[in-house]
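Undergrad: give me a model of this one.
(chains A, B, C, D and E)
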Amino acid sequence: MLGSGILKGLAVTAKNFAGSFYDPERMATVQYPEERAPLGEHYRSFPLLVCENAADPLGTLRCVACTICEKECPPQCIYIEKSKDKKPDATGKPQLYPVIFTIDTAVCMGCGICAELCPFDSIKMDKVFEVTATNRFTGLLLERDQLAKSNAYYHSIRPAEAAEVDARLAAERLAAEEKAKAAALAKAAAAAAKAAAAPPTTPPSAA
Amino acid sequence: MTLALILLSVLILGSAIVALSLRNLIHSALLLVACWAGIAAFYLWAGAEFVAFAQGLVYVGAISMVVLFAVLLTRQGTASEPLGFASWQRFILALVAGGGVAGILVGAVLGTPLTVTTPGPVPVLTVKQIGAQLMGPHVVALLVVGILLTVSLLGAVVLAAEENVKSPEDEV
Amino acid sequence: MSPLQLCLLLSSLLFCVGLVAAMARSNAILVLLGVELMLNAANINFIAFWRYGPNPEAGTGVLFVLFSIAVAAAEAAVGLALVIAVYRHQKTIRLASINRLKG
Amino acid sequence: MSPAAPTQAPAPFGAPSGPTVRTVTDAFHGDLLEVSMGPQHPSTHGVFRMDVTLDGEVIVKLKPVFGYLHRNHEKIAENTSYLASMPYTDRLDYLCSMSTNWAYALAVEKLAGQAVPDRAQYLRIILAELTRIVNHACLVGFLFNDLGTSFTPLLYAFREREKIIDLFEALSGSRMMCNYQRFGGCRIDPSPEWLAAASRLVDNFPRFLDEYERMLTGNEILLARTQGVGRLKAANAINAGITGPVLRAAGVNYDLRKVDAYGFYSRFDFRVPLGEHGDTYDRYMMRILEMRESVKILQQAFRDLPTGPIMDPKAKIRGFRPKAGEAYGRLESPKGELGFYLLSDGTPNPYRYRVRPPSLINLTLLEEMCLGHTVADAVVILGSIDIVLGEVDR
Amino acid sequence: MSAYAMAVAGSEPFLERAPLLLRDAFVQLLPAPTQWLVHHLITIVAILAVFGLFFAFTTIAERKLLGRLQNRRGPNRTGVPQFSILPWRFKHTLFGLSQPFADAVKALTKEDIVPAAADKLLHFLAPVLVVAFSLLTFAVLPFGRNLIPVELDSALLYFFAAGSATELTIFMAGWASRNKYSLLAAMRALAQVISYELPLMLSVVPVVLVAGSLSTREIALAQGGWTFGIIPHWNVFTPWGFAGFLLFLVAALAESNRSPFDLPEAESELVAGHLTEYSGFKYALFFMAEYFGLTALSGLGITIFLGGWQAPVPFLGFVPSYAWFMLKLVGMIGFFIWVRGTLLRLRIDQLTRLAWQFIVPLALINLLNAAFWSLTRDWTGALQLVRWVISAAIVVGPFVLLGRKLNAGRAPRTYRYATS
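TA: This next block holds a predicted model:
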């Protein structure tokens, strides 16, 4: 009969009206500034640069200015200038470091390709989404010091991933140390052998 | 009382004259609505409440809509006529004829000795009385008007109906 | 001047305004509206005579106006429908241009 | 397999096949009113314009105008690496980035001859079907908004969509710009909790669909507004290359999930609903029925999801260079056949990159569907075609 | 002024007389020649104040109710303004109840844009006139036993005469804006009012026939009393009254341009229809007039079908009559909001077809039904039952038949699936 479909529709909206008062499945709204929905495990917003030491963020950046991210960034929002000199990195190996590392967050689309491609686990995706600036040119252009976040912070936003990264880095460091040790040992052995072959003229250098 | 009548007359005549001399038909129609509303106010002034509301309902509510609809359907709303009048000769002729008629009528009105010159109290005519009159002595007229309205409704529909335009929805 | 005379003057002038419009205007809709105004002028007379007449209780004037309004409504509906029909065939509602019987 | 043979001989493309309607030159009617609907119009689903010529309210001519959102997607892709185009494909059809990603990955995998692990194949199907639900729920909601509801069906649909989008966010990091598929697999392995939540959501989804249908499918006003409105004939649809639910609503059995059986779709048991009249109501119902079928696919996928790697171990993320050659990868996106054509010259960038956007191609017969209907219907017909301007304009 | 005399004489409970006594107390303070003027002015001001506030809270109620229907919360943030000069801070959002005042401030401070090509005079006049016309109709509604602004013998005729003018202003707005969407909206508004004026009146005529009066006061009074002490003698509780009420609801929705008949301002088709070129305060005036019109039509519906200010059950008779009227008004508005939250919009040709092929014939049949009802007034006992059955059959039969014709074979479809 004419009108039955309309009546059914009215019944459904009435049910939803009632449901909005007691059923969290229906009323899913979160009162935002006071309440917050939990962020997803892999949520990403903008990139950050991981540093080892929060006290000296710029000195302990993991970034070695390899510029892979700069090249691969789809919207080309990263700008890097390499240093002239080298500084020892976390593993003690002397590496280049970025003198200038800027990300234009007005251009960045948060795709996370940079973090995915970084071979040094230096660039990672942040979870801060409440980003505002009063100036749209300088305010949104993030410099090294604004991008640098400590490893502890990285642990706080992505515990599982950070632990995995740390374990891998520790293993690499261990491997590097062992390699260095082995190299030193080998060097020492070689020197010893050399010394055995001919009397030493210079003392063996400490590796 | 008389002052109110004079004011009403000025409103009615003024809006009628301006309305019928404008080129923009929408403005004309809207001003005529004001004129009809003024006539309804005149009926109220005269104490014919029922007629006043009927005038409002029929003229302001219905005829004005039909007029506006006709103006829009014949695309007279945006493009105003190049010449408001048929021709200057016609206009002058019409003015002469109208003025003549007006002169005769005004002369007749002013020259006729009217027997009732003192206004009595406003006569009370309730809806019930009007109904009784309609159903009693005037029932034939009522029936005729009813038939007339039905016929004119059908006639208007037939006249204004478009040729049978096929709607894409009808096709199977 | 008595109010009745004023009413009658109003109605005569309104009638003449309608008459001039109906005669002079070239637009069919406006001519129709002029005729409407003439009808209204007649209605004003009916009410005036009912109001100042000898026998207001009979309400004849009021009833006549009611019938007249009904007829006017019918006239407007049919008249405007005619105008629309003419427009559809002639593409104009200038009366001077509508000079053919066949559409 | 080819589309089902049409019953009548196909009319040449572009020839008016609809009912005889008034034309602009018809001398017996009033002046025509030209209205430029859009690009700022609430119902054009983005920056899209319809130049309509009206007789009263009836459309006698309609010209779709688009390109306001052109972003040079294809040219940009030819100047960046294969991987760097992946996030841009999110922006094509921004309601269904998961399946757009997959289509691109499919093309590149074909080009590079990469294999995809089983688990990744299942995950792709799960995400693509969730995307289909998201897209269809949105579409149906917006369609009702075009039909003049005060947002109620749209918000019910969005409530459910939000739940799926939250899952996408938890898995891929972003609600709409997922950037999830990779050449040779997927980016992130979902946790068991995620899978459980998704499975629960899918099991609950038919309840929402039932309620939605109870609210609207039998509504007399909906029937009057959509049945018989915007008919599309099967032959014309085939000639114009229309795909997806719009084509199936016209009664043509053509679903790439069955035709190509890409991914592991051949392992799944699902049906393809077909319309009969090709009108707006059929197009609406196609979406509802497809959502129900998607739920079935998803339930099977959650049941059978294997363990294992999600990425081909041989896949190279950095320095990806497919050998010279060409490939066309296509899949059944929620809107129709979404294809990516790639031509490689062996460099890290594709030499030629071309998208076959279903939204754009489905839009080509808009005028034919709208002629003779009113302005109100044009908006509804546009809504029932389901376009996303990001994909139309690229 | 018979009701007034009765009220002052004190034959009724105090609460019933309170508004009149208040008015008189104030009028007595003034010199005699101005008393009649102030007397009327107070009535006007009271209507403006009460229904102005009612309008303000209807807007927030609509938004909150629609929100709840759509599983949202609706506006709930605007609370007490925080002035730094005050020594204390009263922080409460008041459930967003001060939203209408914030909206009013916003509307007043917004730029008033008039398109360059617009007909300036009509563009300005339309919002002013629309409010004026929509307020006119309040004059004859009996808000309570003694609260009727103007007692007219032909009140219903007045109501429709005043109410029909609002669509004229919609036309003015649409035409004066020189916008194509607005022009289409103006055409739609005209078509709609031509189609629905008649059904609206025809749905009311049965009540006039049975009550034997055009006066709203008489009609409300005629619905007093209870059968078996519980079922009120409201017109809606008779077969013809129920059918008439439904028809009235549909026609009232169409007359007040509410969803599903909001064609003139169809936001998904015509952007905002006749309101496209209006902004700021003029827009707010249209908005206000729309709600005034809705309130007035609801008030009319209450008066002629829902017993007016009469209490639904005898033992609640101590509640003043105007409270009942307002309660019923809130209920009616709530129903309209509910309908708006559920239904979709008709197309213009379907709208007119619904009026001419469905509502008008049904209303005419319902008129016959009411005639039957008043002819069989003295049927009692078992005959009463027969009377009910016949009367119900007179409306249900045509409803089903006409409904089937209107549906024209449209029904939900079943679909086939591909075999391969």
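
Undergrad: residues of chain C that sit close to chain D?
TA: By CB under 8 Å from any CB of the partner chain, the residues of chain C that approach chain D are C:Tyr87, C:Arg88, C:His89. Backbone N, C-alpha and C define where each C-beta goes, glycine included.

Undergrad: low-confidence stretches in chain A?
TA: A:1, A:90-92, A:198-207 (pLDDT under 70).

Undergrad: show me where it has its strands.
TA: For chain A, strands defined by DSSP state E occupy the ranges A:47-51, A:78-82, A:87-88, A:94-95, A:98-104, A:123-125, A:141-142, A:148-150.

Undergrad: repeat that for chain D.
TA: D:33-37, D:49-55, D:58-65, D:181-182, D:185-186, D:273-274, D:325-333, D:336-344, D:350-356.

Undergrad: most tightly surrounded among the ones you listed?
TA: strand D:181-182 (a mean of 28; mean count of other CB atoms under 10 Å in any protein chain shown).

Undergrad: what helix or strand does E:Ala104 sit in?
TA: Assigned by DSSP states H and E, E:Ala104 belongs to helix E:99-109.

Undergrad: would you tell me what the next helix or strand after that helix is?
TA: With DSSP H and E, the next secondary element past helix E:99-109 is helix E:120-136.

Undergrad: could you see whether chain B lies near the helix or strand that comes right after that following helix?
TA: Moving toward the C-terminus from helix E:120-136, the next helix or strand (DSSP H and E) is helix E:155-163. Yes. Judged by CB under 8 Å from any CB, helix E:155-163 comes into contact with chain B at E:Leu157, E:Tyr158, E:Phe160, E:Ala161, E:Ala162.

Undergrad: dump those residues to TSV, plus distance to chain C and pLDDT.
TA: What follows is the residues of helix E:155-163 next to chain B, written out as TSV (distance: CB to the nearest CB, whole Å; pLDDT from 0 to 100):
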residue	distance to chain C	pLDDT
E:Leu157	11	87
E:Tyr158	15	88
E:Phe160	14	87
E:Ala161	12	85
E:Ala162	17	85
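
Undergrad: remind me what the top helix by length along chain C packs against, helices and strands.
TA: Ranked by residue count and defined by DSSP state H, the top helix of chain C is helix C:60-90. Other elements packing on helix C:60-90 under the criterion 3 or more CB pairs under 8 Å, 6 or more residues apart in numbering or on different chains; DSSP states H and E are helix B:49-55, helix B:64-73, helix B:127-135, helix B:139-160, helix C:28-52.

Undergrad: which among the residues of helix E:155-163 next to chain B gets closest to B:Arg23?
TA: Taking CB to CB as the measure, B:Arg23 sits nearest to E:Ala161 out of the residues of helix E:155-163 next to chain B, at 30.1 Å.

Undergrad: now do the same contact list for D:Thr364.
TA: By CB atoms under 8 Å, 6 or more residues apart in numbering or on different chains, the contact list for D:Thr364 reads D:Ala240, D:Gly241, D:Ile242.

Undergrad: whoops, D:Val295 was the one
TA: D:Ile133, D:Val202, D:Phe205, D:Pro206, D:Leu209.
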